[in-house]
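Enquirer: Show me the folded form of this:
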Amino acid sequence: MVSQVNIITQQDMPNIKQTIVLCGSSALLAATLGLTGCASNERPLSQRWDDKATAMRVEHQLNKSPLYKFEDVQVTAYNGQVQLSGFAFTEKEKQVAGDIARETEGVASVINDIAIKPGTPVPTGRAYDQYQQRMQNNNPPPPAPAAPQSNPPPNNQQP
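Expert: Numbers count the residues shown, from 1 in each chain. Here you go, the predicted structure:
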């Protein structure tokens with residue numbers, strides 16, 4: 001069995017050195033670009049905090065809504081632009097969520113990606129219809145009647 005042996009001569013040395021230098025330079029360049037590229041695209045910490053605070057303000061305002069509950073709505077913010085996602089029961093509920101977000105401090109624009117839950121039952125009945133009519137006419141329901149004043153029992157003691 002004959003084996004082939006490659007013998008490196010002095011003439012081959014410059015080519016090998018060039019190859020090693022070229023590979024090493026390429027690896028160093030790739031590592032440098034990879035590390036600095038990630039850091040240069042990073043947003044400042046203050047902007048990330050501002051966006052987090054804006055999203056939390058929107059969530060707080062949605063939770064304060066007296067008419068709707070937005071338990072299935074998620075809020076994200078980026079440079080003052082707020083995105084709403086998740087689910088709502090009706091188109092009106094979706095619209096109200098967008099309006100609440102637009103009116104919140106720090107919000108520049110709103111992307112309303114809320115989807116309507118399929119097959120969601122809509123409340124019915126006279127009380128609901130009256131409430132809806134009052135809300136459309138900007139006439140909120142009257143306040144609840146005050147509790148009756150209780151008089152203390154008469155004093156039955158004789159002098």
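Enquirer: what residue ranges in this protein score low on pLDDT?
Expert: Residue ranges of the chain with pLDDT under 70: 1-17, 21-41, 120-132, 134-135, 139-159.
Enquirer: where exactly do the helices run in this protein?
Expert: 13-40, 45-63, 91-102, 126-136 (DSSP state H).
Enquirer: could I get the second one in CSV with only the CA atoms?
Expert: In this case it means helix 45-63. Extracted as CSV, the C-alpha positions of helix 45-63 are listed here (Å, rounded to 0.1, in the frame of the first residue of the first chain):
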residue,chain,number,x,y,z
LEU,A,45,-33.2,52.7,28.5
SER,A,46,-35.2,55.9,29.0
GLN,A,47,-37.3,55.3,25.9
ARG,A,48,-38.0,51.7,26.9
TRP,A,49,-39.1,52.9,30.3
ASP,A,50,-41.3,55.6,28.7
ASP,A,51,-43.0,53.0,26.5
LYS,A,52,-43.6,50.7,29.5
ALA,A,53,-45.1,53.5,31.4
THR,A,54,-47.4,54.5,28.5
ALA,A,55,-48.6,50.9,28.1
MET,A,56,-49.3,50.7,31.9
ARG,A,57,-51.3,54.0,31.8
VAL,A,58,-53.4,52.6,28.9
GLU,A,59,-54.0,49.4,30.8
HIS,A,60,-55.0,51.3,33.9
GLN,A,61,-57.5,53.4,31.9
LEU,A,62,-59.0,50.3,30.2
ASN,A,63,-59.4,48.7,33.7
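Enquirer: and it, what does it pack onto?
Expert: Packed against helix 45-63 by the contact rule (3 or more C-beta pairs under 8 Å, 6 or more residues apart in numbering; DSSP states H and E) you find strand 73-78, strand 81-88, helix 91-102. Quick note: C-beta positions are derived from backbone N, CA and C, even for glycine.
Enquirer: 6 Å instead, please
Expert: Under the contact definition 3 or more C-beta pairs under 6 Å, 6 or more residues apart in numbering; DSSP states H and E, helix 45-63 sits against strand 73-78, helix 91-102.
Enquirer: and the ones you listed as TSV, adding distance to Gln47 and mean neighbour count?
Expert: Compiled in TSV, those are given as follows (distance: least, C-beta to C-beta, whole Å; neighbours: other C-beta atoms under 10 Å):
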stretch	distance to Gln47	mean neighbour count
strand 73-78	9	19
helix 91-102	19	18
